[in-house]
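S.K.: coords please:
(one chain, ligands or ions: 3)
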Amino acid sequence: MSEQLLTVADSLKDRARAALGSRNLILVGLMGAGKSSVGRIVASQLAIPFIDSDLEIERVSRMTIAELFAAYGEQEFRALEARVIKRLLKSGQRVVSTGGGAFINDRTRKHIKKGGLSVWLKADLDVLWDRVAKRDTRPLLKTENPKQTLEGLMNARYPIYAQADLTVLSRDVRKEIMADEVLKALIEAQKESAAS
Ligand SMILES: Nc1ncnc2c1ncn2[C@@H]1O[C@H](COP(=O)(O)OP(=O)(O)OP(=O)(O)O)[C@@H](O)[C@H]1O
Ligand SMILES: O=C(O)C1=C[C@@H](O)[C@@H](O)[C@H](O)C1
Ligand SMILES: [Mg+2]
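M.R.: Ligands and ions are numbered 1, 2, ... in the order given. Model prediction:
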């Protein structure tokens, strides 16, 4: 990388870091939007610890998400998810990638709104489907027509994800590019709030 390009990359990280300040950054959006994979890169760029709420739930319960759904049902899973996310948002600055349904739950959404800056990774159906079709670990998609189920979830959930502080379009580009777009969105949002 040329020296000039290195400087541009550094300044993007530094400016995004400054725009975020001491707040948590919380990624929300549907399954396959890239919250976990892009969130991890964003955290490393910002030099802030990363945590994935699905993995944290699996760690504390010593069960997989699929096992939790099967043993206790979705409602219990949501209650546990709300508790875990509330705690994560109070344990020092973090980049938190949430599970796809977290922001849809009223209680969890309140914790997220209060606990930091939320970013919706918004993707269209074909992008999501291409990604989730590769693994069958998602209990909500164990239906006869999972693509149709995913579309139903999009229709029901998109108006709620739209309440996130920022929206970034999750496109079919490399994860590193998506991470840069999240950093750019942080900088833009700060510019807009400074101008208003
Ligand atoms: N920009 C991208 N380009 C290519 N593949 C991607 C991109 N973002 C994510 N993926 C791939 O898509 C799959 C789903 O991504 P990821 O697990 O990050 O989604 P998620 O939003 O965390 O989903 P969930 O809500 O189920 O946890 C993974 O296999 C990941 O490697
Ligand atoms: O969209 C959802 O409701 C979910 C998404 C995953 O991240 C997991 O949290 C779980 O499979 C539920
Ligand atoms: Mg994830």
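
S.K.: contacting residues for residue 164?
M.R.: 28, 103, 118, 119, 120 (Cβ atoms under 8 Å, 6 or more residues apart in numbering). Where you see a C-beta, it was placed from the backbone N, CA and C, and this is true even at glycine.

S.K.: what's around the third one, how many residues?
M.R.: Other residues within reach of residue 118 by the criterion other Cβ atoms under 10 Å amount to 24.

S.K.: skip the chain neighbours and tell me the closest residue to it.
M.R.: Using Cβ to Cβ, 6 or more residues apart in numbering and skipping residues adjacent in sequence, the residue nearest residue 118 is residue 164, 4.1 Å away.

S.K.: ok, now residue 70?
M.R.: Here the residue nearest residue 70, using Cβ to Cβ, 6+ apart, is residue 139, at 7.3 Å.

S.K.: is that neighbour in contact with residue 71, as I believe?
M.R.: No. Contact between residue 139 and residue 71 fails when scored by Cβ atoms under 8 Å: they sit 11.1 Å apart.

S.K.: dump the residue contacts of the residue nearest to residue 70.
M.R.: Residue 139 sits next to 65, 66, 69, 70 when contact means Cβ under 8 Å, 6+ apart.

S.K.: before we move on, what about residue 52?
M.R.: So residue 52 contacts 35, 36, 39, 40, 96, 97 (Cβ under 8 Å, 6+ apart).
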